[in-house]
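**Q** Here is the input, now give the coordinates:
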Amino acid sequence: MKKKLFNIYDRVNGNFHLREVITGSASAFILKISGTASGYLFAIYVARYGGAEVWGSFTLAFTVMGVAAIFAGLGLNKSLLSHISRMTGQEEKISGIKKLVSGTFFYIIPSAFLITLLLFIFPSVIAEWIFNSPGLTPHIKIIALAVFPVTIIGHNSQVFRALKKIGLYVAFDFFFRFLAALVVILILALFYDSPYNAVISYTLGSYFLAVASSVILYFNITRLPAVSSGENTTGILFKTAGPLFAADLLKYLKGWVDTIIIGIFMAEADAGIYNISFRLSGAASVFLMAVNSISMPKIGQLFGADDKEGMQKTVYYSAKILYLTAFPIIIVIILASDFILGFLGVEFLAGKTIIIILCISQLIKVLSGAGGYILQVTGEEKLFMKLVTWNIVILLLLNLLFVPLWGIEGAALANLGGSFYWTISLLVSIRRRLGINIMWIPSFLLSKGKTDTFGNNKPDKPKGER
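**A** Presented below is the predicted three-dimensional model:
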């Protein structure tokens, strides 16, 4: 046993790509699991003391705010991530990062202000015309004020991510997002009891995080070398910003289309029950986000350096970590679902079947690993957008068909169908376009010296590993 442990240590310590994925994922995981916990605590507090209807109203308003923030960001956030990740792998281009980051603020700030103003003035258009629920109007009106700070946070966190400041990226994009809202809502509850406390607390917390992240970003950027040329580097971002904006919007809608369709056809309480079940089943995805946080900029850097072998190894080890961590968590979630849902209230027990379906869906998504991110940082933005577009079309059609027939269980089945398409399309597309295998197969399923359908060699001894 002791010898086996030493062998594992030697393999990790002697392989740069495996070591970076594990150490980077570990720090990202700690912050993300803490951030996810604070998000769950926020949801539990609102759901337990406000009920399914209040949580459903917050969820629908939050979804609207998220779409507005993507429009306000103009696609520059993800474009920054892609370009800066490549620039960090080329010393002669590092000096241009400072000008690239500062230039985007001149576009994002006025855009975010305008979108915030429009949503604040016309919340009833969405509440009544789309969701047919006048009661949603004040929720949307209040959370509209969060569009501006959320856009700034999104910009800053993507820069942190591109610079491989993974701790800062995870802190502002995940860890503090609902932690700040949780602290504010607990303070509000001491003086003010209202069904709008959830949207108020999230909005106030977002402003605090926007200021804090901007200050930290300023000090990080000022340490970079000065720009040596007067070239308009910001212009290069708009070459990919359009496709990335569309892809980002579609990807967001892909994750929320079921909730939106439920909000259109059913009551806010149903949306609340479904979203709580969705959040519980999504606990396993924290591993996916944690591993991708370090692997995405690293893959972009390796792609810029034309290191295909390094890309394959990074993808391989990322997929392996995901498989070995996600499955046990999904089993625990299913077994503990009755207790958790019962704690929130009797009305939430209706989500038991939904959790089982969505957990299966999550397990299927793990198969695709960092597939979507790989396409974004390797110049395959158009292919990524095409896959996302077809995925959301399938999800939309399935939801429109299943929700009126089977309610929130129908939405869960639609999510499962979408996961099948998404995983298969990524596995095949990345193999054909980049020659990269993103799926890890356990060694006991492969005979020695043989390969699987996608060309993976027996995975316990990849080329170059000690």
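
**Q** Looking at this structure, which helix is longest?
**A** Ordering each helix of the chain by length in residues (DSSP state H) puts helix 16-73 first.

**Q** What ranges does the stretch 351-466 of the chain have for its helices?
**A** 352-366, 371-377, 381-406, 408-434 (DSSP state H, counting those that start in this stretch).

**Q** Now do the SS call for residue 150.
**A** Put simply, residue 150 is helix when judged by DSSP: H, G, I helix; E, B strand; the rest coil.

**Q** which residues touch it?
**A** Residue 150 is in contact with 65, 66, 69, 206, 210, counting by CB atoms under 8 Å, 6 or more residues apart in numbering. The C-beta positions use only the backbone N, C-alpha and C, and glycine is treated the same way.

**Q** would you list the helices of the stretch 351-466 of the chain in CSV and tack on mean neighbour count, distance to residue 281 and mean pLDDT?
**A** Listed next are the helices of the stretch 351-466 of the chain as CSV, based on neighbours: other CB atoms under 10 Å; distance: least, CB to CB, whole Å; pLDDT from 0 to 100:
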stretch, mean neighbour count, distance to residue 281, mean pLDDT
helix 352-366, 21, 4, 89
helix 371-377, 24, 19, 77
helix 381-406, 19, 16, 89
helix 408-434, 20, 9, 90
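
**Q** Identify whichever of these lies nearest to residue 197.
**A** Closest of the helices of the stretch 351-466 of the chain to residue 197 is helix 408-434, at 25.1 Å (criterion: CB to CB).

**Q** from the chain's centre, how far out does that closest one sit?
**A** Distance of helix 408-434 from the chain centroid (CA atoms, centre = their mean, to the nearest Å) equals 16 Å.

**Q** and what of stretch 354-367?
**A** On CA atoms, centre = their mean, the centre of stretch 354-367 falls 16 Å from the chain's centre.

**Q** what's that stretch in contact with?
**A** Counting by CB under 8 Å, 6+ apart, 273-274, 277-278, 280-282, 284-285, 287-288, 322-323, 326-327, 330, 333-334, 337, 341, 408-409, 411-413, 415-416, 418-420, 422-423, 427, 439 sit against stretch 354-367.

**Q** Cross-check the contact I'm expecting between residue 47 and residue 348.
**A** Yes. In this structure residue 47 lies within contact range of residue 348 using CB atoms under 8 Å: 6.9 Å.

**Q** And stretch 324-342, how far out from the chain middle?
**A** Computed by CA atoms, centre = their mean, the chain-centroid distance of stretch 324-342 equals 21 Å.

**Q** mind listing what's buried in that stretch?
**A** Using 16 or more other CB atoms under 10 Å as the test for burial, stretch 324-342 gives 325, 326, 329, 330, 333, 334, 337, 340, 341.

**Q** measure the first one to residue 366 for me?
**A** Read that as residue 325. As for residue 325, its distance to residue 366 is 9 Å (criterion: CB to CB, to the nearest Å).

**Q** go on, the fifth one?
**A** Using CB to CB, one obtains 13 Å as the distance from residue 333 to residue 366.

**Q** tell me, what's touching the two both at once?
**A** Common contacts of residue 333 and residue 366, defined by CB under 8 Å, 6+ apart, comprise residue 284.

**Q** Residue 181 - how many residues pack around it?
**A** Using other CB atoms under 10 Å as the criterion, residue 181 is surrounded by 29 other residues.

**Q** Between residue 47 and residue 348, point out the one with more neighbours.
**A** The residue with more neighbours, out of residue 47 and residue 348, is residue 47; 28 against 24, by other CB under 10 Å.

**Q** which residues sit in contact with that one?
**A** 54, 55, 272, 276, 344, 345, 348.

**Q** The nearest residue to the first one once chain neighbours are set aside: how many residues sit nearby?
**A** Excluding the flanking residues, the one nearest residue 54 by CB to CB, 6 or more residues apart in numbering is residue 195, at 5.0 Å. The number of residues packed near residue 195 is 16, by other CB under 10 Å.

**Q** which residues touch residue 195?
**A** Per CB under 8 Å, 6+ apart, neighbours of residue 195: 50, 54, 57.

**Q** Please produce JSON lines containing those residues, extended by distance to residue 220 and neighbour count.
**A** Listed next are the contacts of residue 195 as JSON lines, based on distance: CB to CB, whole Å; neighbours: other CB atoms under 10 Å:
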{"residue": "50", "distance to residue 220": "39", "neighbour count": "20"}
{"residue": "54", "distance to residue 220": "39", "neighbour count": "21"}
{"residue": "57", "distance to residue 220": "38", "neighbour count": "29"}
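
**Q** And those residues, which is closest to residue 381?
**A** Taking CB to CB as the measure, residue 57 is the one of those closest to residue 381, at 35.2 Å.

**Q** The closest one reaches residue 135, doesn't it?
**A** Yes. Taking CB under 8 Å as the definition, residue 57 is a contact partner of residue 135 at 7.0 Å.

**Q** Against residue 129, how distant is residue 122?
**A** Distance of residue 122 to residue 129, computed by CB to CB: 10 Å.

**Q** And for residue 142?
**A** Applying CB to CB, the value for residue 142 to residue 129 is 19 Å.
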